[in-house]
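Visitor: Turn this into a model:
(one chain, ligands or ions: 1)
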Amino acid sequence: MILRTQYLERIRPFYDSELIKVITGVRRCGKSVLLKQIADEIHAKHFVSAESDALVFVDFDDYANRELTDPDKLYRHIKPKLSDERKTYLLFDEIQNVRDFELVVNSFNTTDNVSIFLTGSNSKLLSGELATRLGGRTVSFHVMPFNFREFCCFKEAQLHSEVPEGHLDESMLLDEYLTWGGFPLVCGQELAESRRVVLDNLYNSIVLRDIIQRNKISSATTLENVLDYLIANSSSTVSGNNIAAELTDSVRKVSAPTVYDLIRYIEEAYVVGRAERYDIRGKKKLRFEAKEYVCDLGLFHLRKNRVKDEWNCVVETVVYNELISRGMQVYVGKLHKSKVDFVAERDGRRCYVQVAYVMASEATIDREFGALEAIGDNYPKYVISMDPVVAGRNGITHARLIDFLRDESLLRLG
Ligand SMILES: Nc1ncnc2c1ncn2[C@@H]1O[C@H](COP(=O)(O)OP(=O)(O)OP(=O)(O)O)[C@@H](O)[C@H]1O
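Guide: You can find the predicted model right below:
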């Protein structure tokens, strides 16, 4: 198993906190495995033995635990294990399978010496509504499918016996990653056809279980059309009116409010991520011209139907997802009439990132660097592309995509 180090580092400071740790992310991105890795760390670091009642791990997707999805039975199962004398760690996987789970969780959290971890693949259920019902006593962590570094570790481990350490061809790995994405189950498949089958199953279960059933959507066709539009147009500015117009034909009429509702459901299942537009001069978020990015390029290649500028879209999407997986808040920038691809922030620090597939001419180099030069503040600025390294200018650094994805220290926030 690949250790999800960057998430463990982010969550670790909260292991003993009374805040409820909510771990969310798209279906099958590895939340349960991460929860087990957290349990292992708690076992090891807090000297809690696996057999003791001080750590309780329940997977509510496991048939063996089906009785515990009844809130009363869950309460009666957990309550005797709690003690004032020592902290009890409660790790609940797929908590949304428990009816009225927030009532049970709340009952432990307000009265007992506990530290609670929850996972699930719907943001509305887990962070939004739960946070409200628990009076804001939650902290959320958004897990993504493997990023490129994790993907390389996975491949190295998989091919260990066949290829000597350090001898994997990184550009071939990048090609594979940009085509098939980072869902662990997909990364584990050798054949293109089996990767496609796994992605197809994943797509269908997200559509059916995480979007249609959860939101009681009546028109599956409209939902799939909107979802496919968002996936195929990853990194584009989204307009409900434009999508509605595109989907309306002589047989069906689709309204913009319906499209906006569907986009919200799709975002809540983490299939796409939104980047709001940020006015760099005016220092404020704008309510229009947000962009949407598909969470994984495997889904993009599964559902795209020949988009123009495909590689620009791929490169912009992989950079967005990488920044998100590093725990950053990501906006698309606006500066007067021009645009800056990303404004990335974490803990009050910031950098700007401009992304191009290749900068084939001096004019393109001028355009990409020029967009950042126009900003005029002192935050670090980067141009990322697939070209060999280009000389930086005016304090702006160029990074090859592969180096940016491989080496986290290459991008600095100021
Ligand atoms: N860190 C990892 N290293 C290797 N394989 C992994 C890793 N994380 C997940 N996987 C594999 O990916 C698959 C899905 O992982 P997991 O069940 O943890 O995802 P999930 O996000 O909890 O899924 P769901 O949303 O459906 O509950 C599993 O088969 C698992 O073995």
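Visitor: Most proximal residue of the stretch 101-250 of the chain with respect to the ligand?
Guide: Relative to the ligand, the nearest point of the stretch 101-250 of the chain is residue 184 (3.4 Å; Cβ to the nearest ligand atom). The C-beta positions use only the backbone N, C-alpha and C, and glycine is treated the same way.
Visitor: and that residue, what does it touch?
Guide: When contacts are counted by Cβ atoms under 8 Å, 6 or more residues apart in numbering, residue 184 touches 2, 28-30, 33, 145-146, 154.
Visitor: what separates it from residue 356, distance-wise?
Guide: 30 Å (Cβ to Cβ, to the nearest Å).
Visitor: ditto for residue 67
Guide: 55 Å.
Visitor: Enumerate every residue touching the most centrally placed residue in the chain.
Guide: Centroid check for the chain by Cα atoms, centre = their mean gives residue 144 as the closest residue, at 3.5 Å. Going by Cβ under 8 Å, 6+ apart, residue 144 touches 25-26, 29, 182, 295-296, 321, 324-325.
Visitor: Any chance of the residues you listed in TSV with pLDDT as columns?
Guide: Rendered in TSV, the data for those read as follows (pLDDT from 0 to 100):
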residue	pLDDT
25	94
26	96
29	97
182	98
295	98
296	98
321	98
324	98
325	97
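Visitor: show me where the stretch 51-200 of the chain has helices.
Guide: Counting by DSSP state H, counting those that start in this stretch, the stretch 51-200 of the chain has helices at residues 71-78, 101-111, 123, 130-133, 148-159, 170-180, 184-187, 192-205.
Visitor: which parts of the longest strand that the chain contains are buried?
Guide: For the chain, the longest strand by residue count, based on DSSP state E, is strand 284-294. By 16 or more other Cβ atoms under 10 Å, the buried positions in strand 284-294 come out as 290-294.
Visitor: Enumerate every residue touching the residue in the stretch 1-150 of the chain that the ligand sits nearest to.
Guide: As assessed by Cβ to the nearest ligand atom, the ligand sits closest to residue 30 within the stretch 1-150 of the chain, at 3.0 Å. Residue 30 makes contact with 4, 143, 145-146, 184 under the criterion Cβ under 8 Å, 6+ apart.
Visitor: how about residue 57, what does it touch?
Guide: Per Cβ under 8 Å, 6+ apart, neighbours of residue 57: 35-36, 39, 91, 93.
Visitor: Let's see that with 6 Å instead.
Guide: Contacts here follow Cβ atoms under 6 Å, 6 or more residues apart in numbering; on that basis residue 57 touches 39, 91.
Visitor: mind checking how far residue 257 is from the ligand?
Guide: According to Cβ to the nearest ligand atom, to the nearest Å, residue 257 stands 29 Å off from the ligand.
Visitor: what stretches of the protein score poorly on pLDDT?
Guide: 46-51, 123-131, 134-135, 160-167, 306-307 (pLDDT under 70).
Visitor: Once you drop chain neighbours, what's closest to the residue of it positioned farthest from its centre?
Guide: Farthest-out residue of the chain from its mean C-alpha position, per Cα atoms, centre = their mean: residue 85, at 37.7 Å. Distances taken as Cβ to Cβ, 6 or more residues apart in numbering place residue 113 nearest to residue 85, at 8.0 Å, with adjacent residues excluded.
Visitor: Just confirm the one you found contacts residue 87, I think it does.
Guide: Yes - under the criterion of Cβ atoms under 6 Å, residue 113 is in contact with residue 87, at a separation of 5.3 Å.
Visitor: and those two? which has more neighbours close in?
Guide: More crowded of residue 113 and residue 87, by other Cβ atoms under 10 Å: residue 87, with 19 against 13.
Visitor: Can you pull the phi and psi angles for that one?
Guide: Dihedral pair for residue 87: phi -80, psi 140, per degrees, to the nearest 10.
Visitor: ditto for residue 389
Guide: Phi and psi for residue 389, reported as degrees, to the nearest 10, are phi -60, psi 130.
Visitor: ok, the residue of the stretch 301-414 of the chain found nearest the ligand - contacts?
Guide: Here the stretch 301-414 of the chain gets closest to the ligand at one residue, residue 325, 13.1 Å apart by Cβ to the nearest ligand atom. With Cβ under 6 Å, 6+ apart as the criterion, the residues that contact residue 325 are 144, 147.
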